[in-house]
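J.: Sequence and predicted model, in that order:
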Amino acid sequence: MEKLRIGIAGLGRLGKVHANNIANKIPNAKLVAACSIALPELTYAEKELGVTRTYSDYRKMLQDEDVDAVVVVTTSSEHCWQIAAALDAGKHVFSDKPLGVTLEECKMAQEAVERNPHLTFMLGFMRRSDPSYAYAKEKIDAGAIGTPYMVKATGIDPESAVEGSIRFAKTSGGIFLDMAIHDIDLMRWFLGAEATSVYALGTTFKHLEFKDAGDDETGVAIYQFENGAVGSIHVGRTAPHGYHVETEIIGTEGSIRVSPVPAKNLSVLYNGQGVLTECVENFGTRFDDAYRLEMEEFVDCVLSGRKPGVTVYDGTMSTRIGFATTKAWKTGQIVRI
Ligand SMILES: NC(=O)c1ccc[n+]([C@@H]2O[C@H](COP(=O)([O-])OP(=O)(O)OC[C@H]3O[C@@H](n4cnc5c(N)ncnc54)[C@H](O)[C@@H]3O)[C@@H](O)[C@H]2O)c1
């Protein structure tokens, strides 16, 4: 079987997940190289994943002729130049979200994709690969809820992870850019339309450190779409019960809800305290399958010449909407997109 030879950049929290999937779970892919500015991550790649070619300089990895494709899982501000440099070096590219942290650099990455049409580029909006979200999309496209006209999306990180969120609050870009980007992409995907205006509010009741950092621990935004549809997003940092991600799509003939109870598994405990379902703990466990399936899709697209469903334009548009949401929250005004 032909194998796609992949070099990965960034082996932090999520990079290790992708690296493990490529090395151990995707039969037609091979992890041949790894790059990081952190030495322990390179040692991890050598010892745990058997990678023999490691680089601390990204551009050197791009000169490696045995690398067919690059997977970018570095800090978000590094994504765009690394995407452009890899494409211009003749490598296919998978980049995790967000595409970039400014609109200017997103456009620069977009231009690199456009001048290299013979190469595959895919952005890691992994919720689209999650079996439940993919099923919801299939049902909607088949007309199961009529015409979708509203999406309500909730994404709340577990309280158990709040210390890390507080630590990164000053540099995260704010709650909407940091957290809502997946929900923004899902709204556009399910409604098949672009957002035209947004109004947003934030509040902080529990951890005043968020306010001190110029952020909020809870954010709410409402959107108008070009076809008249509407959307709402609720993002937060303090779910006491676990990682709460839930999406509802409402149409003229019905509605579909993805994980109204974000259950850890199918077990339900009946005892003196009531009927209990445990909540999934974090994004890694909730989207474990999705991370593997999106990488399988990327590899298959490169090997078969098929174009991925998630494009560079999805990255630019989501970032544009994320910035507009942040502006609405900061100014208290309705922002046209
Ligand atoms: N799709 C998702 O659900 C999801 C979840 C978590 C993170 N992410 C995204 O994945 C990316 C990585 O997030 P993370 O949580 O793993 O961060 P992280 O800080 O744990 O890891 C990033 C790693 O990139 C490496 N790095 C930074 N600059 C580099 C460079 N110039 N060259 C080579 N290596 C470099 C660092 O050594 C660091 O360890 C971010 O863009 C983040 O937004 C996506």
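T.: Structure received.
J.: Quick one: the helices in the stretch 1-150 of the chain, in order.
T.: Under the criterion DSSP state H, counting those that start in this stretch, helices of the stretch 1-150 of the chain are mapped to 13-24, 39-49, 58-62, 79-88, 103-114, 131-141.
J.: what's the burial count for residue 185?
T.: Number of residues near residue 185 (other Cβ atoms under 10 Å) recorded here: 23. Yep, even glycine has a C-beta here, placed from its N, CA and C like the rest.
J.: For it, pull up the helix or strand it's in.
T.: When secondary structure is defined by DSSP states H and E, residue 185 falls within helix 181-191.
J.: who's in contact with the helix or strand following that helix?
T.: Scanning forward in sequence from helix 181-191 by DSSP H and E, the next helix or strand is strand 195-203. Judged by Cβ atoms under 8 Å, 6 or more residues apart in numbering, the contacts made with strand 195-203 from elsewhere in the structure are 175-176, 184, 187-188, 215-226, 231, 321, 324-326, 328-329, 332-337.
J.: For the helix or strand that strand 195-203 is followed by, output the C-alpha coordinates as PDB.
T.: Under the assignment DSSP H and E, the closest C-terminal helix or strand after strand 195-203 is helix 209-212. What follows is helix 209-212 as a C-alpha-only set of coordinates in PDB (Å, rounded to 0.1, in the frame of the first residue of the first chain):
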ATOM      1  CA  GLU A 209      -8.900  37.000  37.300                       C
ATOM      2  CA  PHE A 210     -10.600  36.900  33.800                       C
ATOM      3  CA  LYS A 211     -11.700  40.500  34.200                       C
ATOM      4  CA  ASP A 212      -8.300  41.500  35.400                       C
END
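J.: Quick one: residues in contact with helix 209-212.
T.: Defining contact as Cβ under 8 Å, 6+ apart, one finds that helix 209-212 is touched by 165, 166, 169, 175, 204, 216, 217, 237.
J.: Repeat the analysis, applying 10 Å as the threshold.
T.: Contacting residues not belonging to helix 209-212 are listed as 162-163, 165-167, 169-170, 174-175, 202-204, 215-218, 237-238 [Cβ atoms under 10 Å, 6 or more residues apart in numbering].
J.: Got a PyMOL select line for the buried ones in those residues?
T.: Those of the contacts of helix 209-212 that meet the burial criterion (16 or more other Cβ atoms under 10 Å) are gathered into one PyMOL selection, given here:
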select buried, resi 162+165+166+169+174+175+202+204+215+216+217+218+237+238
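J.: out of the contacts of helix 209-212, which are inside helices?
T.: The helices, defined by DSSP state H, take in 162, 163, 165, 166, 167, 175 from the contacts of helix 209-212.
J.: biggest separation within those residues, which pair?
T.: For the ones in helices among the contacts of helix 209-212, with distances taken as Cβ to Cβ, the pair at the greatest spread is 163 and 175 (16.0 Å).
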